[in-house]
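>>> Let me see the structure of the following:
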Amino acid sequence: MSPLQVVRSVRLHQVRHALMNTEFCVENNIHGVLGVAAHFGYVGRSHFARYYKQEFLEMPSQTLSNRRYADYAF
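Down below sits the predicted model:
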């Protein structure tokens, strides 16, 4: 794994953690997938979504939907 791939993977994991963490989003006034991605330095939506899907086998919007469903279920 190249250094660039390691950095990208770390950033993607940070994004995933933020997408699943309601408190983080509220504390940092971040809304939606694009807001979280921008917070961690992603500006290109298509590249971000492609890398995210390669890393986690789901789209970032699916991660966010799963969190919202879990928040609603409790």
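
>>> from here on, contacts and neighbour counts on C-alpha atoms
OK.

>>> so where does Ser9 fall, helix or strand?
helix 3-20 (DSSP states H and E).

>>> measure Arg68 to Tyr42 for me?
Arg68 is 22 Å from Tyr42, where distance means CA to CA, to the nearest Å.

>>> Compare the two and say which is more crowded by neighbours.
The neighbour comparison of Arg68 against Tyr42 (other CA atoms under 10 Å) goes to Tyr42, with 18 against 15.

>>> before we move on, what SS does the more buried one have?
Following DSSP: H, G, I helix; E, B strand; the rest coil, the label given to Tyr42 is coil.

>>> which residues touch it?
By CA atoms under 8 Å, 6 or more residues apart in numbering, Tyr42 lies in contact with Phe48.

>>> hmm, back to that, tell me which residues are up against the helix holding Ser9.
By CA under 8 Å, 6+ apart, helix 3-20 touches 24-25, 33, 36-37, 40, 51-52, 55, 60, 63-64, 67.

>>> And the helix or strand that contains Val26, what does it pack against?
Using DSSP H and E, Val26 falls within helix 22-27. Under the contact criterion of 3 or more CA pairs under 8 Å, 6 or more residues apart in numbering; DSSP states H and E, helix 22-27 touches helix 3-20.

>>> How far does the helix it packs on sit from its chain's centre?
8 Å (CA atoms, centre = their mean, to the nearest Å).

>>> For stretch 59-74, buried residues please.
Under the neighbour-count criterion of 16 or more other CA atoms under 10 Å, stretch 59-74 has Met59, Pro60, Thr63, Leu64, Arg67 buried.

>>> So for Asp71, what's the pLDDT?
What the model reports for Asp71 is a pLDDT of 67.

>>> Phe74 too?
53.

>>> cool, and Thr22?
Reported pLDDT for Thr22: 89.

>>> measure His39 to Leu19 for me?
Taking CA to CA as the measure, His39 falls 11 Å from Leu19.

>>> Next: Phe40.
Counting by CA to CA, the gap from Phe40 to Leu19 is 11 Å.

>>> Would you mind listing the buried residues in the helix holding Ser9?
Buried, per 16+ other CA under 10 Å, within helix 3-20: Arg8, Arg11, Leu12, Val15, Arg16, Ala18, Leu19, Met20.
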